[in-house]
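J.: Generate a structure from the sequence data that follows.
(chains A and B)
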Amino acid sequence: MFLFTDFLELIRKEINTEIPEVVPEDLTMGQDGYGDISARLIKYLINREDAGDACEKIMGRVKALEFVSEVSMTNNYLNVWIRPEHVFRALKESIDSTGMFPDVFQEPERISVEHTSTNPTGPLHIGRARNSVIGDSLARLKKRVGYRVTTQYYVNDSGKQMMSLYFGYEKFHKNEKPTIPMLLDGYIKTYRYFEETGSEKEVEELMERYERNDSDLISKVRFVAGIMLDGISADLATIGIKIDEYTWESEFIATGETGTVMERLSADLHEENGARYIDIPGLRKIYVQRRNGTSLYITRDIAYHMYKFSQYDHCTVVVGEDHREHGKIMKYIMNDLLEYTNTLSFVYYAYVNLETGKMSTRKGTSIPMISVYEKLKEKSMEELKKRYGDGADAKTAEKIAASSFRYHLLKFNPTKPVTFRWEDALDFNGDTAVSIMYSMVRASGILNKVSNEGAIPNMENFPESEKSLLLLAYIYPYKLMDAAKSDKPEIIANYAFMLSTAFTRFYEDVKISEQAPEIKNRQLETVKIFRTIIEDACNIIGIMKVDKL
RNA sequence: GGGCGCGUGGCCAAGCUUGGAUAUGGCAACAGCCUCCUAAGCUGUAGAUCAGGGGUUCAAAUCCCCUCGCGCCCGCCA
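T.: Numbering: from 1, shown residues only, chains lettered A, B, ... in the order given. Predicted coordinates:
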C-alpha cells in the first residue's frame, strides 16, 4: 500500500524483543503532550516481575536507534523523542523522488463506490449532498491508498416517485417543453392531487405497466428522469463531483436480470399467496416478488449488486441511515445465500435537518444544494472585494463556495444528524475549508516570495513549532490508512485542519524570510513539505487550491 | 411494542473500533497581537456531573446491563 520509513514500526521491533505482545496500536505519535512517540506498555508490564528489567533493556535498545534523541519511562509509558532532521529527511526524500508522501503502489483490488443514487425527482438538496460529499471523498481516499476505484450512481427510475414525476408532467404540463422547475412543479402538484383525491391509482397503473416492461412508457419516463438527472449531475459538477457510471434500475427488468435473481435464490424462496419471499434469520419475511409476478426494490438491488460483483472485488455503498436494515439484508443475501466472496460494505449517514424541521422535495421544503453554493459564492465574493476591490476573482469565489460546502458536510461523523444553519454554513472562520485554504495560500506566498540562497540547509535547531508541524505531516500515512480502513473520510478532514493549524502556528512563530540562509533553506523545504501534504489531503476531501484569498 | 443509531463546556464537534498518563478542537465571551512572508490568522483567560444509574477491571468518555431523551427502521413502497 504505502512505502515510507516507518519510525513507529522500527521502535516497535525493538520493544518486541522484550515484549513480543506489543502491537502497532499500542504506539501513538504526536497525539499527546508527552513524547513524540509514546508506547503504552502498562498492560504488558503490570503483571510482569521483571518489568523494570525489561524496560531498562527496551530503553537502551530504542535509545540506540539513529533517529531517536531521548527516551523515558513514565507511568509505564515509553516516551520517545525523535530527532526532527530524520522526520524532515523522510518527508523530503519521498517528496523529492515521487512528488508525494507517502509513496503508494497500486493494489490489485477493484473497488466500486456507489453514492448519491437519489431518485431524479428534483434538484440535489443539501441532505442528499451529504451523501455525495461523503461518497466522493471516500472514492478519492480509496484511490489515494492505491485501489482502482469507480464511482457509481444507481438511477431509480422504476418506483412510485419516478412514476409520479412522469405523471405530473403528463397531467399538468403535457406538450410543454420540460424543464427542471416545471417537472418539480408537476411532481409537487401530483402529491397534492393524491391527497385531494385520496387515490394513487393512476400512478399504480403506470408502475405496473413499467414493471411489465412497457418500452414506450419506459422511454418516456427515462426522458423526463434524464432531464432531472442532468440537473443533478450539473449540481454535482459545481462541487467537483463526477460520477463514472450511471446504471438505470429499469435495465434489470428489461434484460430479465430480475428473473435470474429469482433463479439463483430459488433454493431459499418461500411462497405465500403467489408472492415469494426469503427468510432472514432474526428478521421478518423479505418479499422479492409480488403476487402479480413483478419485482421489488430489493430484487432489483440484488440484480444490481450481482452486476457490480461481476466487475469489482469490493463494493461500498453510501446510503441514508434508513437503509441500515436493507444493508444488512443485502449483505446476507449476497454473501450467505448467493455465496459471493466479493465484499460489500455500507456507509450510513443521518439526514440533514433544518431548524424548522425535515426537508422534503415533494413538500417543497428542501434546500437545494445549488442555492447554498450560490450564497457561499456571493459571500466569498463580498469578502474578496473587501480585500481586492474590483480585482476580486469570481473563480476563487467559486472554489471557496465548493470547498466550504463540501467541508461543512464532511467534517462530522456521518452517523450524527446535522441541523443545517445558514450562519454555520456561511462562516469562514475557525474549523472551515477557508482557514485550510488560507494556510495553503500563505505557504505558497512564502515559496513564491522568499528565495533560497543556495546555502546548505541546517539540520539542527528546529523550533518547536516547526518540529510539531513535521511530526504531524509525518503521521499522514497513518491517517490515510486509518480513514481508508474504516471508511471514514472525515478523519482526513479533521487531519487537514490540524495540519493547517500547525502550519499557521509555525508561520506566526518564525519569520522565514528573516532567517539565516541555512535555516531559511531548510524551512522553505518544511513549507514545501506542508504544501505537498495539505494539497494531497485537500484533494481527497474536495478542498480546492487557490492562489490568492 | 421490537430492532438499530446518537447523547461529550452556553452552542457545534474529536476521542469510543483496540479500556490506561493532564478529555482535544471550533463557535460565542473576555484580554492582547497587524510599519513585518496575506489578521478569513495567532496568543492568553474563563467555561465539562463525558445524559443518569449500576456492573466488569488495578484502571471506564471508551466494554456490559438498566433508565431517560432525540432520530431512524419495522410495506407484496423505494
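
J.: okay, CA-based contacts and neighbour counts for the rest of this
T.: OK.

J.: Up against RNA strand B, what does the stretch 101-250 of chain A have?
T.: Residues of the stretch 101-250 of chain A found near RNA strand B (CA under 7 Å from any atom of the strand) are A:N119, A:N156, A:D157, A:S158, A:G159, A:K160, A:Q161.

J.: want to try TSV for those, with neighbour count, secondary structure and distance to A:D509 as columns?
T.: Below are those laid out as TSV (neighbours: other CA atoms under 10 Å; DSSP: H, G, I helix; E, B strand; the rest coil; distance: CA to CA, whole Å):
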residue	neighbour count	secondary structure	distance to A:D509
A:N119	20	coil	51
A:N156	22	coil	55
A:D157	24	coil	57
A:S158	25	coil	60
A:G159	20	coil	60
A:K160	15	helix	61
A:Q161	19	helix	58
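
J.: and of these, the nearest to RNA strand B?
T.: Among those, A:G159 lies closest to RNA strand B (CA to the nearest atom of the strand), at 3.7 Å.

J.: my read: that closest one touches A:E205, true?
T.: No - using CA atoms under 8 Å, A:G159 is not in contact with A:E205; the gap is 11.7 Å.

J.: any weak-confidence spans in chain A?
T.: A:31-32 (pLDDT under 70).

J.: Okay, domains of it per the record?
T.: Listed by automatic domain parsing, the domain ranges of chain A are A:2-82, A:115-354, A:370-541.

J.: and these as JSON lines, adding distance to A:K548?
T.: Shown next, in JSON lines, are the domains of chain A (distance: least, CA to CA, whole Å):
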{"stretch": "domain A:2-82", "distance to A:K548": "31"}
{"stretch": "domain A:115-354", "distance to A:K548": "19"}
{"stretch": "domain A:370-541", "distance to A:K548": "6"}
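
J.: For the stretch 351-500 of chain A, which residues are neighbours of RNA strand B?
T.: Neighbours of RNA strand B within the stretch 351-500 of chain A, by CA under 7 Å from any atom of the strand: A:351, A:380, A:383-384, A:411-413, A:415-418, A:428-432, A:434-435, A:438, A:441-442, A:445-446, A:449-450, A:486, A:491, A:494.

J.: What subset of those residues is buried?
T.: A:351, A:380, A:383-384, A:411-412, A:418, A:428, A:431-432, A:434-435, A:438, A:441-442, A:446, A:491, A:494 (16 or more other CA atoms under 10 Å).

J.: from those residues, which ones fall inside strands?
T.: A:V418 (DSSP state E).

J.: Tell me where the stretch 151-300 of chain A has strands.
T.: Using DSSP state E, counting those that start in this stretch, the strands of the stretch 151-300 of chain A run over A:245-248, A:270-272, A:275-279, A:285-289.

J.: among the ones you listed, which is the most enclosed?
T.: Of those, the one with the most neighbours on average (mean count of other CA atoms under 10 Å) is strand A:285-289, at a mean of 20.

J.: elements contacting that strand?
T.: Packed against strand A:285-289 by the contact rule (3 or more CA pairs under 8 Å, 6 or more residues apart in numbering; DSSP states H and E) you find strand A:275-279, helix A:297-311.

J.: That one to strand A:275-279, inter-axis angle?
T.: Interaxial angle of strand A:285-289 relative to strand A:275-279 (axes from the mean of the first three to the mean of the last three CA atoms, to 10 degrees): 140 degrees.

J.: and strand A:285-289, anywhere near RNA strand B?
T.: Yes - for strand A:285-289, a contact with RNA strand B is found by CA under 7 Å from any atom of the strand, at A:K285, A:I286, A:Y287, A:Q289.

J.: just stretch A:310-325 next, same as before
T.: Yes - residues of stretch A:310-325 are located near RNA strand B by CA under 7 Å from any atom of the strand, namely A:E321, A:D322, A:H323, A:R324, A:E325.

J.: just the helices in the stretch 1-150 of chain A please.
T.: Shown for the stretch 1-150 of chain A, the helices assigned by DSSP state H, counting those that start in this stretch span residues A:7-16, A:42-45, A:51-63, A:84-98, A:126-144.

J.: Take these and write them to JSON lines, including mean neighbour count.
T.: As requested, the helices of the stretch 1-150 of chain A are exported to JSON lines (neighbours: other CA atoms under 10 Å):
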{"stretch": "helix A:7-16", "mean neighbour count": "18"}
{"stretch": "helix A:42-45", "mean neighbour count": "14"}
{"stretch": "helix A:51-63", "mean neighbour count": "17"}
{"stretch": "helix A:84-98", "mean neighbour count": "17"}
{"stretch": "helix A:126-144", "mean neighbour count": "26"}
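
J.: Just send those back as a markdown table, with distance to A:F530 too.
T.: Below are the helices of the stretch 1-150 of chain A laid out as a markdown table (distance: least, CA to CA, whole Å):
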| stretch | distance to A:F530 |
| --- | --- |
| helix A:7-16 | 19 |
| helix A:42-45 | 35 |
| helix A:51-63 | 28 |
| helix A:84-98 | 10 |
| helix A:126-144 | 18 |
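
J.: Out of the ones you listed, which is closest to A:R505?
T.: Nearest to A:R505, of all the helices of the stretch 1-150 of chain A, is helix A:84-98, at 17.1 Å by CA to CA.
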